[in-house]
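Engineer: dropping a prediction and its sequence here:
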Number of protein chains: 2
Amino acid sequence: MSTSSRFAVAVHVLTLMAWADEESLKSEQVAESVNTNPVVIRRMLCELAESKLVVSQTGAFGGSRLARDPEKITLLDIYRAVESPGVFSLHRHPPSRRCPVGVNIGTVLNNVLGEVDSAVERVLSNITIRDMVAQLRPCANTDVVKKKNGTRAQVLAVRN
Amino acid sequence: MSTSSRFAVAVHVLTLMAWADEESLKSEQVAESVNTNPVVIRRMLCELAESKLVVSQTGAFGGSRLARDPEKITLLDIYRAVESPGVFSLHRHPPSRRCPVGVNIGTVLNNVLGEVDSAVERVLSNITIRDMVAQLRPCANTDVVKKKNGTRAQVLAVRN
DNA sequence: CCAACTGTAACTATATTGGTTACAGACGAA
DNA sequence: TTCGTCTGTAACCAATATAGTTACAGTTGG
C-alpha cells in the first residue's frame, strides 16, 4: 500500500542514535547503517529536528543526537514527523454531486478513515525508542563490538 | 501517507451497488458517480470480481452487481482486494549487516508493522457495506429521486 | 446480425520517493 | 585567521505507482 519507507528509516535512525547513547553521529555513519546516501539521511534529520526529536550541530565534530530520552520518543512522534497524515486517501477528484451516494460517501468514508487512523496512532503511541532498543538487544550477538575509539563510540561492528 | 485512493473508490463502488439493490450497474454509471473514467472502474471491478465481491456480465444489458449480501462484505475484504498489503514498508534496500542495529532492526520493525496492520484490519473487519449504506441514508435528502425507470433503478438523482 | 456491454492492452500524464552532485555556511582546532 | 570537517539545502535524475484515455477484441441478448 505504502510505497514509502520513510517511517521505517526514521525509526531506524532514532534507534541507532539511542543505541549510540550520548555520542552524536555523523550523517555518513547513519547512512552506512541504513544503506543509503548521507543526503537522504540529512534531509530526514532536518524533519526530525523540526519536530524536536533530534538536535544537530553543524561544523567540524558536528553530528546529530536524540533531543530527549529514548523512552520519551514514541513511534507516533516519528510517524507524525516524517509521514503525511492519514493511512488512506479519499477520491482524487470529488465524486458526483448529482448522485445520492456520491454526494455523501465522503462524509461516511471520513468517519471510517478516522477510526483507522486512530487505531494506528494508538498502536504507535505505545511504543518508544527505548522499547525498540530493548527488543534489539536480544538479537545482537556477543561478537558485536561496541568499544570506544578515542572519544567516539564505535557503532559499527567489525564482523564482516 | 498513502497517495492512492483505490480503497476509497472501491468502497464507494460497492456502496453504490448496495444502494442500487439488485439492479446491475454499467461501468459508465458507476464512473459518473465516482467522477472518473469507465475503464478505471472496470479495472477495479475486475479485481473485485477476482476476490468474489462482485459479479459482472459481459454483452448487451451486462453490468456488475454485488456477489453477496452487503452485510457479508466487510471493508477488510475490500482492502485486501484492491490495496497491496501493509500500511508501512520496510527499507527499500536492506540495511547494513555490519551494524548491530541495521542487522536486526528489520525483525523488530516487522513486529511493530504487524501490530499496526492488525489494528487496521480489526477496524475494517467490523464495518460492512450494509453499515456504509445505513450511515448514508440519514445524509440523503428527501429530494433525492430513486425511482424505477423500466426495469432499471435510477441511481442518479435528478437534482442539478 | 447488431447494438451494447465487459475485459484488457497500450499509452500518457502526474506525483512521490529516493539517490546523486554540488555548494554555501557553521564551527572547532591549530 | 585559515583550514578541514561537518550540516543544510538546492537542483536534478531515475524509478515507481496511480489514474486517465483511446482503442479494440470478445460476449451476449434481442
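Structural biologist: Done, it's in.

Engineer: and the pLDDT at the closest residue to DNA strand C within chain A?
Structural biologist: With CB to the nearest atom of the strand as the measure, A:Gly59 is the residue of chain A nearest to DNA strand C, at 2.1 Å. Using the backbone N, CA and C atoms, a C-beta is placed for each residue, glycine as well. Confidence at A:Gly59, expressed as pLDDT, is 95.

Engineer: my guess is A:Ser96 meets A:Val103, correct?
Structural biologist: Yes - using CB atoms under 8 Å, A:Ser96 is in contact with A:Val103, at 7.3 Å.

Engineer: who has more neighbours out of the two?
Structural biologist: Using other CB atoms under 10 Å in any protein chain shown, the more surrounded residue of A:Ser96 and A:Val103 is A:Val103, with 22 against 19.

Engineer: just say helix, strand or coil for the more buried one.
Structural biologist: Following DSSP: H, G, I helix; E, B strand; the rest coil, the label given to A:Val103 is helix.

Engineer: right, and it touches B:His12 too?
Structural biologist: No - here A:Val103 does not reach B:His12: they are 11.3 Å apart, not a contact under CB under 8 Å.

Engineer: which stretches in chain A count as helices?
Structural biologist: Assigned by DSSP state H, chain A shows helices spanning A:6-19, A:27-34, A:38-50, A:75-82, A:102-125, A:129-136.

Engineer: pick the most deeply packed of those helices.
Structural biologist: helix A:6-19 (a mean of 26; mean count of other CB atoms under 10 Å in any protein chain shown).

Engineer: if you count contacts, what does that helix end up packed against?
Structural biologist: Applying 3 or more CB pairs under 8 Å, 6 or more residues apart in numbering or on different chains; DSSP states H and E, we find helix A:6-19 packed against helix A:27-34, helix A:38-50, strand A:63-66, helix A:75-82, helix A:129-136, helix B:100-125.

Engineer: report whether that helix contacts DNA strand D.
Structural biologist: No - Helix A:6-19 is not in contact with DNA strand D by CB under 7 Å from any atom of the strand; minimum separation 11.4 Å.

Engineer: got the angle for that helix vs helix B:100-125?
Structural biologist: Here helix A:6-19 points in a direction 140 degrees away from that of helix B:100-125 (axes from the mean of the first three to the mean of the last three CA atoms, to 10 degrees).

Engineer: and helix A:6-19, does that touch DNA strand C?
Structural biologist: Yes - Helix A:6-19 reaches DNA strand C (CB under 7 Å from any atom of the strand) through A:6, A:9.

Engineer: send the alpha carbons of that helix over as CSV?
Structural biologist: This file holds the C-alpha atoms of helix A:6-19, laid out as CSV (Å, rounded to 0.1, in the frame of the first residue of the first chain):
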residue,chain,number,x,y,z
ARG,A,6,10.3,6.9,5.4
PHE,A,7,8.8,5.7,8.7
ALA,A,8,11.0,2.6,8.8
VAL,A,9,14.1,4.6,8.0
ALA,A,10,13.3,7.2,10.6
VAL,A,11,12.7,4.6,13.3
HIS,A,12,16.0,3.0,12.3
VAL,A,13,17.8,6.3,12.6
LEU,A,14,16.5,7.2,16.0
THR,A,15,17.0,3.7,17.3
LEU,A,16,20.6,3.9,16.1
MET,A,17,21.0,7.1,18.0
ALA,A,18,19.6,5.6,21.1
TRP,A,19,22.0,2.7,20.7
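
Engineer: got the angle for that helix vs helix A:38-50?
Structural biologist: Following the same axes, to 10 degrees, one obtains 80 degrees for the angle between helix A:6-19 and helix A:38-50.
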